[in-house]
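Engineer: I would like the atomic coordinates for the input below:
(chains A, B, C and D)
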There are 2 protein chains.
Amino acid sequence: MVTKGNAFDPNCPTRTILDRIGDKWTVLVVLSLRSGPLRFTELRDGIGRVAPKVLTQTLRRMERDGLITREIFPEIPPRVVYTLTPMGGSLIEPISVITDWAETHVPAITKAQAAYDEFA
Amino acid sequence: MVTKGNAFDPNCPTRTILDRIGDKWTVLVVLSLRSGPLRFTELRDGIGRVAPKVLTQTLRRMERDGLITREIFPEIPPRVVYTLTPMGGSLIEPISVITDWAETHVPAITKAQAAYDEFA
DNA sequence: CCTCGACGGTATCCATTGGTAACTGGCTAC
DNA sequence: GTAGCCAGTTACCAATGGATACCGTCGAGG
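Structural biologist: So this is what the prediction gives:
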């Protein structure tokens, strides 16, 4: 049925990656870094309310996955800069496709929800 | 910075939709229904281990969002059929873009993870 | 007759996780 | 001196995800 490395197998790495991409904060980090490297606080402030803990987790995961790099400048005050890797940058395209879809279908979905709730 | 209805605002409906799409099970349901309507148990068995509760939640949400329809045939034994709406079907494209990306980058990501863990 | 299984789910419980609030350390500016 | 910045970390807690068990209704089988 599903020919290529199928996402239905929980052990399939594709599934894991799908989970990463599906992660709310990961998407927002990619979009934030789209126009250039940013520091921790810049990311935190740019993205709406993110708990620093969660942001750290997200960034570490992304670093591990090779989507971003983390550069530490041992200055005072400390400076840490996050940059999209080429692979991370290649995610912008797919993400744009999704966000475009979402934006064009917002009205239809909102309407569907209203219609559904009508009968509830 | 972000021109179009920006996903950084937690109240932006785009964000909500992004969360939906990011949902593991939603994606798998769409892919499952790609080749035609299915019944509850067919979905449950087709998708790897899903708790029925979670599948129900997912399906209800998708129905509310107008991505699928739910038809009940008052037979014995009961029969409930889920079908992709045109809007739901239009999600296949974007999802394919993502899964394609995931599949092509699986090796690179796996390698990145291994390299990262080397130093841990 | 009595039980068993199919079907499309609930109900109940537990583990993991997402998120909040407070704190750290080193230095600088007031 | 003390207040604040930076990049987090460390409790702690509510919510969510998920596994398991169960429900009513019916026909089939023994």
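Engineer: What is the neighbour count of residue A:119?
Structural biologist: Residues lying near residue A:119 (other Cβ atoms under 10 Å in any protein chain shown) number 5. The C-beta positions use only the backbone N, C-alpha and C, and glycine is treated the same way.
Engineer: low-scoring stretches of chain A, by residue?
Structural biologist: Filtered on pLDDT under 70, chain A yields the residue ranges A:1-6, A:10-11.
Engineer: Packing partners of the lengthiest helix in it?
Structural biologist: Longest helix of chain A, by residue count under DSSP state H: helix A:92-118. Applying 3 or more Cβ pairs under 8 Å, 6 or more residues apart in numbering or on different chains; DSSP states H and E, one finds that helix A:92-118 contacts helix A:24-33, helix B:13-22, helix B:52-64, helix B:86-89, helix B:92-118.
Engineer: could you give the angle of it to helix A:24-33?
Structural biologist: Taking axes from the mean of the first three to the mean of the last three Cα atoms, to 10 degrees, one finds that helix A:92-118 is oriented at 130 degrees with respect to helix A:24-33.
Engineer: do helix A:92-118 and DNA strand C meet?
Structural biologist: No. Contact of helix A:92-118 with DNA strand C (Cβ under 7 Å from any atom of the strand) is absent, the minimum separation being 14.4 Å.
Engineer: Could I get the buried residue list for that helix?
Structural biologist: Residues of helix A:92-118 classed as buried by neighbour count (16 or more other Cβ atoms under 10 Å in any protein chain shown): A:94-95, A:97-99, A:101-103, A:105-106, A:109, A:112-113.
Engineer: ok, those residues vs chain B, which is closest?
Structural biologist: Closest approach between those and chain B, by Cβ to the nearest Cβ: residue A:112, at 2.8 Å.
Engineer: ok, back up a step: ok and the longest helix of chain A relative to helix B:52-64, angle-wise?
Structural biologist: Angle, helix A:92-118 to helix B:52-64, by the same axes, to 10 degrees: 90 degrees.
Engineer: just the angle between helix A:92-118 and helix B:13-22, please?
Structural biologist: Calculated by the same axes, to 10 degrees, helix A:92-118 forms an angle of 100 degrees with helix B:13-22.
Engineer: What sits closest to the residue sitting nearest the centre point of chain A if chain neighbours are left out?
Structural biologist: Among the residues of chain A, the one closest to the centroid is residue A:27, at 1.7 Å (Cα atoms, centre = their mean). Spatial nearest neighbour of residue A:27, excluding adjacent residues (Cβ to Cβ, 6 or more residues apart in numbering or on different chains): residue A:95 at 5.8 Å.
Engineer: repeat for residue A:106
Structural biologist: residue B:13 (4.8 Å).
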